[in-house]
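Chemist: Next one to model:
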Amino acid sequence: MPAPIDTSLFAELGLDHRLVAALQQLGYEEPPPIQRGAIGPLLAGRDLLGQAATGTGKTAAFALPILQRLPAGDRGRNPTALILVPTRELAMQVSQAVHTYGRGVEARVLPVYGGQPVWRQLKALARGVDVVVATPGRAVDHLARGTLHLDDLEVVVLDEADEMLDMGFAEDLDTILTATPTTRQTVLFSATLPPRIDQLARRYLDDPLRVTIGREQAGVRHSPQVRQSAYVVARAHKPAALGRILDVEAPDAAIVFCGTRTEGDELTEVMNGRGYRAEALHGGMDQEQRDRVMDRLRAGTADLLVATDVAARGLDIDHLSHVINYDVPAAPESYTHRIGRGGRAGRSGVAITLVEPRQQRLVRAIEQHTGAELEVASIPSVADLRARRLELTRETLEARLLGEEDLERFRGVIESLGDGFDLMELTLAAISLVHEQVAGTDDDEEELPQVRLYDDRGGKGSRGGQRRGPDGGRGAARGGARGGARGGARGGARGGARGTHPSADTRRGGGGDTVRIFIGAGQRAGIRPKDLVGAIANESGLSGRDVGNIEITPNFSLVEVPRHAADEVIRALRGSTIKGRRATVRADRNA
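Modeler: Sure, this is the predicted structure:
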């Protein structure tokens with residue numbers, strides 16, 4: 001029977017014994033820095049402005065004080081706390097965490113987000129809830145319906161506030177916060193603190209305590225918990241390079257970030273062809289499909305998740321060891337969010353980025369943002385791959401020799417062959433059989449060209465990457481990883497954005513089968529491209545990258561979306577608000 005976990009450090013923060021018991025049952029041993037810095041002041045009623053990356057334990061930092069202030073007995077129908085998050089995936093994750101922590105205090109927790117039947121949310125709100133975890137668009141929708149009552153609200157939490165502003169929810173946040181009591185406690189968490197976050201804090205927080213988890217604490221900057229490196233590779237060779245890197249690294253489980261869902265689908269097929277059990281996760285999938293993918297990953301029947309940024313938002317995979325940026329994120333903040341998936345809660349992890357030769361400027365921006373220089377390595381050679389596979393064979397044989405299996409039953413085979421063959425030759429033949437079964441063959445592997453980063457003027461830079469041999473990574477190389485990757489995943493982003501959609505040419509998949517949607521609100525209603533992108537990403541199954549050209553006129557807007565998702569987007573937008581108002585939404589008749 002395992003020894004009980006000492007949770008006295010949580011009790012010292014002033015937490016109720018029922019909450020401490022829940023943490024003990026979950027196996028938490030001690031509070032991470034963000035919880036040590038935030039829980040006490042939040043219990044004392046202070047407003048708080050926290051800077052903490054994903055995976056540092058900030059959910060428990062605000063959830064536990066909320067649960068502790070829930071009154072005993074009949075709590076009525078109106079919520080005590082409102083937690084606002086940018087995406088429905090994060091809403092589900094935070095809601096589940098609050099529910100788990102709050103079992104001992106019988107907390108009533110409700111996630112409120114787009115894509116879920118409204119009647120279910122209406123029924124739960126009518127019965128009464130203690131904590132509402134909502135996306136801004138759906139919260140505004142319920143306020144307009146008169147079904148979300150904030151009169152008794154004591155706490156408001158803005159989680160991932162920078163992401164909510166980036167998605168165009170600034171006015172929705174204003175609408176919601178204006179509807180809350182002035183006596184509320186306000187908590188704001190953000191991975192970054194740009195000027196717009198400071199402006200938001202000055203407007204709605206009262207003398208807030210600032211809690212910042214520095215680079216050495218966040219687990220993603222200057223931390224030995226997450227090894228960060230980059231491989232310079234030509235775009236045409238990226239699928240093969242990814243397979244080669246995974247073969248050498250042998251991750252327990254990995255998430256690969258792609259820029260578009262088309263690229264993600266193609267790369268998933270390529271990696272399955274290499275013998276990996278890969279699953280795609282993107283905005284083109286409905287919630288049931290996403291849940292099935294995550295169930296397979298958590299159950300260990302899949303070991304490689306190929307995802308887009310929005311679809312992966314808020315995911316926490318316990319056994320994730322590697323995060324791989326198949327595409328270099330254009331925003332350094334996205335890099336921080338991505339690699340925060342590895343090395344969570346004190347676990348070690350590896351972050352790898354595939355860099356194309358002319359992406360020196362993006363690399364420099366990431367290094368400036370993280371405060372750490374990326375180790376630029378060369379793509380593993382065929383010799384590296386062979387060495388790693390031989391090491392795997394040796395580890396497999398060593399484990400069998402040290403195991404408890406009875407090997408004596410094979411002695412007769414050795415003795416019968418011993419008269420005709422040298423013992424060393426016999427051993428080599430046996431190891432050759434094991435090697436083929438365990439690590440496959442590398443006869444058809446070809447060397448990939450080694451390239452270097454270019455400087456900003458187009459000349460070759462000085463950072464070429466020293467040869468780095470295999471480091472004997474954890475786990476076992478996947479069975480059947482035996483050959484060059486088939487084909488190549490293509491970005492397929494099309495240029496020629498019409499209108500005012502920022503960087504639309506880099507946000508589009510290469511499918512080409514799109515239609516336009518008419519939205520009866522335009523410049524006179526204050527509509528901007530990011531408002532439309534945020535509404536579609538929040539309320540439908542699409543991600544922001546799936547949205548194509550946007551054209552905004554004074555009275556209406558036209559948005560290009562994939563044809564297969566058009567009906568879903570229309571239904572979702574008709575059931576929600578854009579910048580706090582409802583608008584006519586239909587297929588464009590002139591398309």
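
Chemist: quick one: the helices in the stretch 251-400 of the chain?
Modeler: Remark: helices assigned in the stretch 251-400 of the chain by DSSP state H, counting those that start in this stretch are 261-273, 287-299, 309-312, 332-339, 360-370, 382-402.

Chemist: of all these, which lies closest to L205?
Modeler: L205 lies closest to helix 332-339 among the helices of the stretch 251-400 of the chain, at 21.3 Å (C-beta to C-beta). C-beta here means a position set from N, CA and C on the backbone, and glycine is covered the same way.

Chemist: quick one: the closest one to chain centroid distance?
Modeler: 9 Å (C-alpha atoms, centre = their mean, to the nearest Å).

Chemist: any idea of the mean pLDDT in stretch 547-561?
Modeler: If you average the pLDDT over stretch 547-561, you get 85.

Chemist: for that stretch, which positions count as buried?
Modeler: In terms of neighbour count (16 or more other C-beta atoms under 10 Å), stretch 547-561 has its buried residues at 547-552, 556-561.

Chemist: Which parts of the protein belong to which domain?
Modeler: Per automatic domain parsing, the domain ranges recorded for the chain read 8-213, 218-381, 384-439, 504-587.

Chemist: Tabulate the ones you listed in TSV, adding columns for distance to Q450.
Modeler: Formatted as TSV, the domains of the chain follow (distance: least, C-beta to C-beta, whole Å):
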stretch	distance to Q450
domain 8-213	33
domain 218-381	5
domain 384-439	12
domain 504-587	27
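
Chemist: of all those, which lies closest to V451?
Modeler: The closest of the domains of the chain to V451 is domain 218-381. By C-beta to C-beta, the value is 5.0 Å.

Chemist: Between the domains of the chain, which one is closest to E446.
Modeler: Nearest of the domains of the chain (C-beta to C-beta): domain 218-381, 8.3 Å.

Chemist: Would you single out the least confident of the helices of the stretch 251-400 of the chain?
Modeler: Of all the helices of the stretch 251-400 of the chain, the minimum mean pLDDT falls on helix 309-312 (a mean of 66).

Chemist: following the lowest-mean-pLDDT helix or strand in the chain, which helix or strand comes up?
Modeler: The helix or strand of the chain with the poorest confidence is helix 504-507; it has a mean of 34 (mean pLDDT, DSSP states H and E). Note on helix 504-507: by DSSP states H and E, the next helix or strand toward the C-terminus is strand 514-519.

Chemist: other SSEs contacting that following strand?
Modeler: Taking 3 or more C-beta pairs under 8 Å, 6 or more residues apart in numbering; DSSP states H and E as contact, the helices and strands that strand 514-519 lies on are strand 557-562, helix 566-574, strand 585-587.

Chemist: That one pairs with which strands, and in what direction?
Modeler: The strands beside strand 514-519 in its sheet (DSSP bridges) come out as strand 557-562 (antiparallel), strand 585-587 (antiparallel).

Chemist: list the buried ones in the last one?
Modeler: For strand 585-587, burial by neighbour count (16+ other C-beta under 10 Å) applies to V585.

Chemist: Now do it, average pLDDT.
Modeler: 88.

Chemist: Neighbours of L573, how many?
Modeler: 25 (other C-beta atoms under 10 Å).

Chemist: my read: it touches E539, true?
Modeler: Yes: using C-beta atoms under 8 Å, L573 is in contact with E539, at 6.3 Å.

Chemist: Among the domains of the chain, which comes closest to P449?
Modeler: That would be, of the domains of the chain and by C-beta to C-beta, domain 218-381, which comes in at 6.6 Å.

Chemist: all strands of the stretch 101-250 of the chain, in order?
Modeler: Counting by DSSP state E, counting those that start in this stretch, the stretch 101-250 of the chain has strands at residues 109-112, 131-134, 155-158, 185-190, 209-212, 226-232.

Chemist: Give the other helices and strands that the first one contacts.
Modeler: Right, strand 109-112. Helices and strands touching strand 109-112, by 3+ C-beta pairs under 8 Å, 6+ apart, are helix 88-101, helix 118-127, strand 131-134, helix 136-145.

Chemist: switch to 6 Å and redo it
Modeler: Where contact means 3 or more C-beta pairs under 6 Å, 6 or more residues apart in numbering; DSSP states H and E, strand 109-112 is packed against helix 88-101, strand 131-134.

Chemist: quick one on the thing from earlier: need the helices of the stretch 251-400 of the chain in a markdown table with distance to D151 and mean neighbour count, can you?
Modeler: Shown next, in a markdown table, are those (distance: least, C-beta to C-beta, whole Å; neighbours: other C-beta atoms under 10 Å):
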| stretch | distance to D151 | mean neighbour count |
| --- | --- | --- |
| helix 261-273 | 42 | 22 |
| helix 287-299 | 32 | 14 |
| helix 309-312 | 33 | 24 |
| helix 332-339 | 35 | 22 |
| helix 360-370 | 42 | 18 |
| helix 382-402 | 62 | 15 |
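
Chemist: And these: which comes nearest M424?
Modeler: helix 382-402 (15.1 Å).

Chemist: which helices and strands does that closest one pack with?
Modeler: Packing partners of helix 382-402 (3+ C-beta pairs under 6 Å, 6+ apart): helix 238-249, helix 423-439.

Chemist: what is the orientation angle of that helix with helix 238-249?
Modeler: Following axes from the mean of the first three to the mean of the last three C-alpha atoms, to 10 degrees, one obtains 30 degrees for the angle between helix 382-402 and helix 238-249.

Chemist: quick one: stretch 21-36 to chain centroid distance?
Modeler: On C-alpha atoms, centre = their mean, the centre of stretch 21-36 falls 22 Å from that of its chain.

Chemist: Just give the number of residues close to T180.
Modeler: T180, neighbours per other C-beta under 10 Å, totals 17.

Chemist: who's in contact with it?
Modeler: Counting by C-beta atoms under 6 Å, 6 or more residues apart in numbering, T180 makes contact with 150, 153, 156.

Chemist: ok, 8 Å please
Modeler: 82, 150, 153, 156 (C-beta atoms under 8 Å, 6 or more residues apart in numbering).

Chemist: what do you get for V323?
Modeler: Applying C-beta under 8 Å, 6+ apart, the residues near V323 are 254-255, 257, 338-339, 341-342, 349-352.

Chemist: Looking at this structure, name the residue that lies furthest from the middle.
Modeler: D419 (59.8 Å; C-alpha atoms, centre = their mean).

Chemist: give the contact list for that residue.
Modeler: D419 touches nothing, counting by C-beta under 8 Å, 6+ apart.

Chemist: Just name the most buried of the helices and strands packed on strand 109-112.
Modeler: The highest mean neighbour count among the helices and strands packed on strand 109-112, using mean count of other C-beta atoms under 10 Å, belongs to strand 131-134: a mean of 27.

Chemist: quick one: the helices in the stretch 401-550 of the chain?
Modeler: Using DSSP H, counting those that start in this stretch, helices in the stretch 401-550 of the chain cover 411-418, 423-439, 504-507, 529-539.

Chemist: out of those helices, nearest to A11?
Modeler: Taking C-beta to C-beta, helix 529-539 is the member of these nearest to A11, at 38.6 Å.
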